[in-house]
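1. task: produce atomic coordinates for the following.
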Amino acid sequence: MTQTNTFCWIDIPVQDLDRAISFYSALLNTEVQKINEQGFEFGLLPHTENNVSGCLCVMEDRKPSNNGPLVYLNLEGQLDRAVKAAEQAGAKILKKKEQIGPYGHRAVILDSEGNGVALYSKEA
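-> Next comes the predicted model:
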């Protein structure tokens with residue numbers, strides 16, 4: 001079996017779906033689509049073809065947290081813009097943009113729902 005990605009999907013828990021969709025749309029600089037089908041309502045994060053993505057969703061058994069896994073969002077070439085958009089949307093900056101060795105750069109924010117999220121770009 002050929003595997004191209006270690007992760008195949010990410011559910012980001014939220015408390016207020018509309019607020020989270022607005023926040024992530026501003027952060028990613030593209031529309032997060034609200035989907036309501038087969039009894040599920042979620043915000044579909046942008047993706048193309050077979051790239052890994054995920055969704056924003058209200059879940060009874062999962063709550064937003066800054067203490068669980070740290071999800072990295074690829075914002076290649078847009079890291080400074082994304083940090084600014086996050087701040088303007090009310091995010092708390094937990095770690096300012098920093099170099100992470102030869103791997104690139106990241107900033108860590110607390111999103112609109114209380115999740116710790118890393119914003120990543122290989123190039124500064």
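
2. list the buried residues for the top strand by length along the chain?
-> With secondary structure taken from DSSP state E, the chain has its longest strand at strand 92-99. Across strand 92-99, burial judged by 16 or more other C-beta atoms under 10 Å covers K97. In this view, the C-beta of every residue, glycine as well, is placed from N, C-alpha and C.

3. tell me the average confidence for the helix or strand following it?
-> Per DSSP states H and E, the first helix or strand lying C-terminal to strand 92-99 is strand 105-110. Averaged over strand 105-110, pLDDT sits at 97.

4. note down every partner strand of strand 105-110 and its orientation.
-> Strand 105-110 has the following sheet partners, assigned by DSSP bridges: strand 92-99 (antiparallel), strand 116-121 (antiparallel).

5. for I12, name its beta-bridge partners.
-> Under the criterion DSSP bridges, I12 forms beta bridges with L56.

6. where exactly do the helices run in this protein?
-> In the chain, the helices defined using DSSP state H lie at 17-28, 79-88.

7. just name the most buried of those helices.
-> Using mean count of other C-beta atoms under 10 Å, the stretch among these with the greatest mean number of neighbours is helix 17-28 (a mean of 20).

8. just the residues contacting stretch 42-56, thanks.
-> Counting contacts by C-beta atoms under 8 Å, 6 or more residues apart in numbering, the residues outside stretch 42-56 that touch it are 4-5, 7-12, 14, 17, 20-21, 24, 28, 30-35, 57, 71.
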